[in-house]
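**Q** 3D, please:
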Amino acid sequence: MDTARSQTEPTALEGVYEYRSSRLVEPDWRRFPGWRDVTEAQWADPQWQRAHCVKDAKGLRAVVGDLLDEAFYEDWERDRLHRATMSVLLPPQMVNTIAPEAAAARPGELTKAFYDDPVRRYMLPVFSDRHPQWPSHPMASRDSLHEQDMWVVEGLTHRYPTKVLAELLSTCPQYCGHCTRMDLVGNSTPQVVKNKLQLKPVDRADRILEHLRASPGIRDVVVSGGDLANMPWPRLERFVDGLLDIESIRDIRLASKGLIGLPQHWNSAPVLQGVERIARKARSRGVRVALHTHANAAQQVTPGVARASWALLGAGLHDVRNQGVLMRGINDNAHDLLDLCFALIDHAGITPYYFYMCDMIPNAEHWRVPLHRAQLIQHQILGYLPGFSTPRIVCDVPMAGKRWVDQADSYDRELGVSHWSKSYLTPLEAADPDAHSGSYQYYDPIDTLPLSGQRWWREARQG
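**A** Numbering: from 1, shown residues only. Predicted coordinates:
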């Protein structure tokens with residue numbers, strides 16, 4: 001059933017959005033019992049932040065004391081044992097953006113604010129967040145974008161004609177529950193035994209550079225992982241310096257959610273001095289070096305994040321951009337997206353770039369948004385932001401790549417199946433004579449379908 005978007009759906013913003021420029025405020029970390037004696041100097045120290053990450057219930061209890069009910073910890077543990085695809089790792093900076101305005105004093109008083117908080121919902125998921133009937137879509141897969149299938153050497157994904165993704169490491173300073181690279185990144189969980197990179201880091205980097213030197217058709221390199229905030233700066237600078245020596249490379253994008261979760265790293269003197277060196281060399285060659293980060297809620301844009309971003313721009317980066325993820329219960333309405341975008345551009349100099357629809361990985365159904373909702377939100381945010389800072393909402397279609405949400409060739413709203421095409425082939429498809437006429441599918445979360453569509457998927461699963 002090929003259906004277009006209903007003509008009766010609202011296209012205007014539901015409730016008038018009124019722009020107000022408000023000053024950023026760093027949440028007071030001293031509101032948590034475990035951090036009452038933490039000084040500003042400690043908070044600004046990236047090593048202190050790394051050493052005091054929350055990794056488990058014991059660590060969270062050490063921070064919040066008895067302000068959370070025991071039921072929350074039981075909910076969290078049940079998720080760890082039965083649903084979580086990512087282990088928990090939260091720097092104090094990230095924890096401090098959860099329930100930032102809650103001023104709890106009595107035992108258990110913080111519980112509701114934690115449950116309701118958008119940052120908690122995607123950085124520290126609990127079992128009751130997940131959909132009880134459809135925790136995973138039947139078409140979900142661990143490496144949903146087939147990035148490892150497209151490695152031309154270990155860690156180098158050649159998915160687009162002129163662009164590549166270099167995955168240099170498999171760790172982050174913080175782990176997002178919805179990580180698209182959940183098959184590779186982070187520690188194993190009871191549900192997911194992670195794949196492992198086999199080469200030594202220096203050998204992997206050298207082989208990637210060797211391949212790029214021999215591939216003059218590649219002009220754009222996304223340097224990622226994992227998260228570059230976890231890569232020792234001298235090693236990262238050596239790799240970027242090698243990229244800048246390749247004549248065909250014109251754009252380099254450094255990927256780090258650490259700008260949001262651990263801005264203290266990017267604002268440290270050794271890193272800024274190194275950024276200045278590579279920026280100077282890039283300018284001399286006419287190459288653009290940018291940093292791409294990942295914020296999903298306005299409350300994550302703190303004065304510390306803004307200072308780090310402006311410092312990076314002052315050190316010579318061409319741009320700092322945000323690639324968020326559109327997720328239910330977190331930012332799936334135009335008001336929240338506009339609040340986030342204005343916080344980014346007004347205070348941190350960060351350009352809103354993309355909001356991806358959540359990838360079809362296991363146990364992510366409660367986060368995913370149906371295509372028609374994404375299309376509506378894209379229409380609703382138009383006209384409020386400067387054009388150059390209006391983010392595109394994109395669907396990263398398996399094997400087809402990023403597509404604007406209005407680019408679907410057809411869309412069956414009853415079964416939640418959208419069909420997409422593209423104008424190029426990946427190296428993985430080059431030998432397939434039928435690939436040029438291929439159609440690629442993306443699937444809406446089943447619980448958002450009409451009852452007839454839900455019944456169809458239920459019967460298909462049983463059959």
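
**Q** can you map out the strands along this protein?
**A** Here the chain has its strands, by DSSP state E, at 151-153, 156-157, 163-167, 220-224, 251-255, 288-293, 319-326, 351-357, 392-397, 401-404, 410-412, 417-420, 440-443.

**Q** nearest to residue 60, out of those strands?
**A** Evaluated with Cβ to Cβ, these place strand 319-326 nearest to residue 60, the distance being 23.6 Å. The C-beta positions use only the backbone N, C-alpha and C, and glycine is treated the same way.

**Q** so what are the sheet partners of the closest one and their directions?
**A** Sheet pairing for strand 319-326, assigned by DSSP bridges, gives strand 288-293 (parallel), strand 351-357 (parallel).

**Q** list of residues touching the longest one?
**A** The one in question is strand 351-357. Strand 351-357 has contacts (Cβ atoms under 8 Å, 6 or more residues apart in numbering) with 292, 319-326, 331, 337, 340-341, 344-345, 368-369, 371, 374, 385, 388-396, 402, 405, 442.

**Q** what is the rounded mean pLDDT of it?
**A** Averaged over strand 351-357, pLDDT sits at 97.

**Q** again with the shortest one
**A** Average pLDDT, strand 288-293: 98.

**Q** pull it out as PDB, backbone CA atoms only.
**A** As requested, the backbone C-alpha atoms of strand 288-293 are provided in PDB (Å, rounded to 0.1, in the frame of the first residue of the first chain):
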ATOM      1  CA  ARG A 288      38.700  22.300   6.000                       C
ATOM      2  CA  VAL A 289      39.000  20.600   9.400                       C
ATOM      3  CA  ALA A 290      35.800  20.500  11.500                       C
ATOM      4  CA  LEU A 291      34.700  18.800  14.700                       C
ATOM      5  CA  HIS A 292      31.300  17.000  14.700                       C
ATOM      6  CA  THR A 293      29.700  16.400  18.100                       C
END
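
**Q** which positions within it qualify as buried?
**A** 289, 290, 291, 292, 293 (16 or more other Cβ atoms under 10 Å).

**Q** of the strands of the chain, which is nearest residue 33?
**A** strand 288-293 (30.4 Å).

**Q** tell me the angle the closest one makes with strand 220-224.
**A** If you take axes from the mean of the first three to the mean of the last three Cα atoms, to 10 degrees, strand 288-293 sits at 40 degrees to strand 220-224.

**Q** show the contacting residues for the residue lying closest to residue 153 once chain neighbours are set aside.
**A** Nearest residue to residue 153, sequence neighbours excluded (Cβ to Cβ, 6 or more residues apart in numbering): residue 207, at 4.6 Å. The contact partners of residue 207, taken as Cβ under 8 Å, 6+ apart, are 153, 154, 156, 199.

**Q** for residue 394, same thing?
**A** 354, 355, 356, 357, 402, 403, 404, 405.

**Q** what distance do you get for the fourth one to residue 394?
**A** Read that as residue 357. Residue 357 sits 7 Å away from residue 394 when distances are taken as Cβ to Cβ, to the nearest Å.

**Q** now the strands paired with strand 319-326 as JSON lines including distance to residue 307?
**A** Formatted as JSON lines, these follow (distance: least, Cβ to Cβ, whole Å):
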{"stretch": "strand 288-293", "distance to residue 307": "14"}
{"stretch": "strand 351-357", "distance to residue 307": "17"}
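
**Q** out of those strands, the one nearest residue 141 is which?
**A** With Cβ to Cβ as the yardstick, what comes closest out of the strands paired with strand 319-326 is strand 351-357 (15.7 Å).

**Q** so that closest one versus strand 392-397, what angle?
**A** Using the same axes, to 10 degrees: strand 351-357 against strand 392-397 is 40 degrees.

**Q** just the pLDDT for residue 51.
**A** So residue 51 comes in at 98 (pLDDT).

**Q** re the thing from before, out of the strands of the chain, which is closest to residue 264?
**A** With Cβ to Cβ as the yardstick, what comes closest out of the strands of the chain is strand 288-293 (14.1 Å).

**Q** contacts for the closest one?
**A** Here strand 288-293 makes contact (Cβ under 8 Å, 6+ apart) with 222, 240, 250-260, 266, 278-279, 282, 312, 316-323, 350, 353.

**Q** and for residue 323, the neighbour number?
**A** By the other Cβ atoms under 10 Å criterion, the neighbourhood of residue 323 contains 18 residues.

**Q** so what's it up against?
**A** 292, 293, 294, 353, 354, 355, 356.
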